[in-house]
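**Q** Quick one, what's the 3D model for this:
(2 chains)
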Number of protein chains: 2
Amino acid sequence: MMKCKRCRSKAEVQIRHHNAAFCRPCFIFFFQRQVQRSIEKQRMFTAQDHVLVAVSGGKDSLALWDVLIDLGYRTVGLHLALGIGDYSHISTTKTVEFAHRRAVRLITVDLEADGLAIPTLARFTNRPACAACGTTKRHQFDRVAFENGFRVLATGHNLDDEAARLLGNVMHWQVHHLAKQGPVLEPVHERFARKVKPLYRISEYETAVYAFFRGIDYVVDECPNSVGATQLTYKDMLNRLEAVMPGSKLTFVQDFLKSGRPAFSPGTDGAPQSCEVCGMASFGTLCSYCRLRREVERAQDTWKVPRTASGSGR
Amino acid sequence: MMKCKRCRSKAEVQIRHHNAAFCRPCFIFFFQRQVQRSIEKQRMFTAQDHVLVAVSGGKDSLALWDVLIDLGYRTVGLHLALGIGDYSHISTTKTVEFAHRRAVRLITVDLEADGLAIPTLARFTNRPACAACGTTKRHQFDRVAFENGFRVLATGHNLDDEAARLLGNVMHWQVHHLAKQGPVLEPVHERFARKVKPLYRISEYETAVYAFFRGIDYVVDECPNSVGATQLTYKDMLNRLEAVMPGSKLTFVQDFLKSGRPAFSPGTDGAPQSCEVCGMASFGTLCSYCRLRREVERAQDTWKVPRTASGSGR
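**A** Numbering: from 1, shown residues only, chains lettered A, B, ... in the order given. Below is the predicted model of the structure:
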């Protein structure tokens, strides 16, 4: 019988890269303590800060929010209803139900109702859905944080996400991205919040186990647009390495922060300006989100799509 | 029918990462021209230089030597008989036969006859065979180049080798290794030759096809010690990426040389000293090979192994 590393009772989960096994209560304790240590060690935020937590309805972001609530941090959830069919509807339902059950405040932005659903943006601008989605998320996260006075924005990116992104940046030697990648991104614009990733040392497997042990009801399906995404190829590569050498992902990310990143000097982009339309950070007169919206409007005008029918709601 | 990119006749081989297909003569031309361009672009050596080519008997090093002979470079082969059982005997036979057929000079160092076979070194020093082998090769290559007046030493490392080594250095963020990795290593000691890798942009698949088209008879088996080597895991990871995104390996290595490597500053090791025993480069009084040999001798004395019987031949 495999025994719990902490209490020696029967273990229910084995964490190979920590060479450890835990019973259910001790794993929850271990998990939450790991998150707390990341928050403190990386000076992400304190118990006094008001933290906006970006919540998609998936296991990672709900697990993150769950831990932060339990650890006594002051949090408000932020959910974007992206308008990606059933996937988005289920995601929103699960998120709203979680907030209700835990009696915590949730801000929901309904992009579909605003005529800004991801499929609409992608269709009218000829961009890959994932590109439109990334631009949308960055803008909406920043905007809601700013308008509601949050100085800290937390996302559910886990170790697998961080390792895959790092590998992608390395495979193309994106040195400016490498100079910035990490669990804490300090604001470079007056309207920006500090962006933090408290789960950056915790594997996807661990958050899945945590969500299961805690009875968190999350959307299980992946976003339909993510099928075949490059990121998944990188995750697959790293999983193969992890299977042969447990701990590889964690070493990769931690050694990067310690030895790799210092080698890359920050780019010479300079500080961003402010967007003439929305006032958020921009390089140029318009921010990338307002540029995206303008493109959509022009295409809709050309295509003679009545804006009210597409639900742009102005 | 797939057509040759150069002559439009029937193609026999497809090179996905170059988005090209070739007939047999055009592939040989294409392959040799690629090697020549690497040599010239990276200023590895000229037609006036005397080049010592390290030849294991495998497809890469024999293909390299074959190309260099055809391109008219002045080469001499260097083969180490490593004493790893049948694998080594077959390797030596294939190398000797190649040199004979092409009527080129080959220097063979018989480590087994000198009592310095890799299994002996590994057994008496408790090191992994691959570590003992690496130390041996570096020393013997340097020594033979120096004693025979060669200023350039060429090895058969191909794109897969280079990409796998790069990935390994990146996974552990070995910044001092990253600062130096590349197709040309300039000498940092008076007895060192310049070390060059003319096949660094050519995939293992391409060298296999080249060797087959040219009728080169090489040792097909991998070294029995390489089973399960970490390097193979990295190669496997990169092959999966290459299958999804052809050209990934080449981009990884080339972008590293262009954008990645400049970020890493060379280590502060300082110049090496000279070994008190053999006079080759060392950090400390003895070079790592002479330290290894001394360890073996001490262990053999302790174990009462008669040196002559083990064949040390002094």
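**Q** any weak-confidence spans in the stretch 201-314 of chain A?
**A** Within the stretch 201-314 of chain A, the segments meeting pLDDT under 70 span A:228, A:267-269, A:305-314.
**Q** let's see 80
**A** For the stretch 201-314 of chain A, the stretches with pLDDT under 80 are A:227-229, A:265-270, A:303-314.
**Q** Which residues of it lie near chain B?
**A** Selection of the stretch 201-314 of chain A residues close to chain B by CB under 8 Å from any CB of the partner chain yields A:230, A:233-234, A:236-238, A:240-241, A:244-245, A:248, A:251-252, A:255-256, A:258-260, A:263-265. The way it works is simple: take the backbone N, C-alpha and C, and place the C-beta from them, glycine included.
**Q** Now go through those and say which are in helices.
**A** A:230, A:233-234, A:236-238, A:240-241, A:244, A:248, A:251-252, A:255 (DSSP state H).
**Q** Of these, which is the most crowded?
**A** A:Tyr234 (25 neighbours; other CB atoms under 10 Å in any protein chain shown).
**Q** what's the spacing between A:Glu206 and chain B?
**A** To chain B, A:Glu206 is 21 Å away according to CB to the nearest CB, to the nearest Å.
**Q** Tell me who's in contact with that residue.
**A** By CB atoms under 8 Å, 6 or more residues apart in numbering or on different chains, the residues touching A:Glu206 are A:Ile15, A:Phe31, A:Asn158.
**Q** From those residues, pick the one nearest chain B.
**A** Using CB to the nearest CB, A:Asn158 comes nearest to chain B of those, at 18.5 Å.
**Q** How many residues are close by that closest one?
**A** The tally of other residues near A:Asn158 (other CB under 10 Å) stands at 27.
**Q** just the one 5 residues further on next, same as before
**A** Using other CB under 10 Å as the criterion, A:Ala163 is surrounded by 28 other residues.
**Q** Spell out the secondary structure type for it.
**A** helix (DSSP: H, G, I helix; E, B strand; the rest coil).
**Q** my read: it touches A:Lys249, true?
**A** Yes: between A:Ala163 and A:Lys249 there is a contact under CB atoms under 8 Å: 4.4 Å.
**Q** In chain A, mark out all the strands, start to finish.
**A** Secondary structure of chain A (DSSP state E): strands at A:13-15, A:20-22, A:50-54, A:74-81, A:106-110, A:152-154, A:184-185, A:194-196, A:273-274, A:281-282.
**Q** and those, which is most packed in?
**A** Across the strands of chain A, averaging neighbours per residue (mean count of other CB atoms under 10 Å in any protein chain shown) puts strand A:152-154 on top, at a mean of 25.
**Q** so what strands line up beside that strand?
**A** strand A:50-54 (parallel), strand A:194-196 (parallel) (DSSP bridges).
**Q** Can you tell me what sits against that strand?
**A** Contacts of strand A:152-154 (CB under 8 Å, 6+ apart): A:44-45, A:49-54, A:64, A:68, A:75, A:78, A:141-142, A:145, A:193-198.
**Q** Same question for stretch A:85-100.
**A** A:55-58, A:62, A:65-66, A:77, A:79, A:81-82, A:105-106, A:108, A:112, A:119, A:216-219, A:221, A:223-224.
**Q** Return the distance of it from the chain's centre.
**A** Centroid separation for stretch A:85-100 versus its chain: 16 Å, with CA atoms, centre = their mean, to the nearest Å.
**Q** got the CA positions of that stretch in PDB?
**A** Output of stretch A:85-100 as PDB, limited to C-alpha atoms (Å, rounded to 0.1, in the frame of the first residue of the first chain):
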ATOM      1  CA  GLY A  85     -21.200  27.900 -28.800                       C
ATOM      2  CA  ASP A  86     -22.100  25.300 -26.200                       C
ATOM      3  CA  TYR A  87     -18.600  25.300 -24.900                       C
ATOM      4  CA  SER A  88     -19.000  28.900 -23.700                       C
ATOM      5  CA  HIS A  89     -22.500  28.400 -22.400                       C
ATOM      6  CA  ILE A  90     -21.500  25.500 -20.200                       C
ATOM      7  CA  SER A  91     -18.400  27.400 -19.100                       C
ATOM      8  CA  THR A  92     -20.500  30.300 -18.000                       C
ATOM      9  CA  THR A  93     -23.000  28.100 -16.200                       C
ATOM     10  CA  LYS A  94     -20.300  26.300 -14.200                       C
ATOM     11  CA  THR A  95     -18.600  29.500 -13.300                       C
ATOM     12  CA  VAL A  96     -21.800  31.200 -12.100                       C
ATOM     13  CA  GLU A  97     -22.700  28.100 -10.100                       C
ATOM     14  CA  PHE A  98     -19.300  28.000  -8.400                       C
ATOM     15  CA  ALA A  99     -19.500  31.600  -7.400                       C
ATOM     16  CA  HIS A 100     -23.000  31.100  -6.100                       C
END
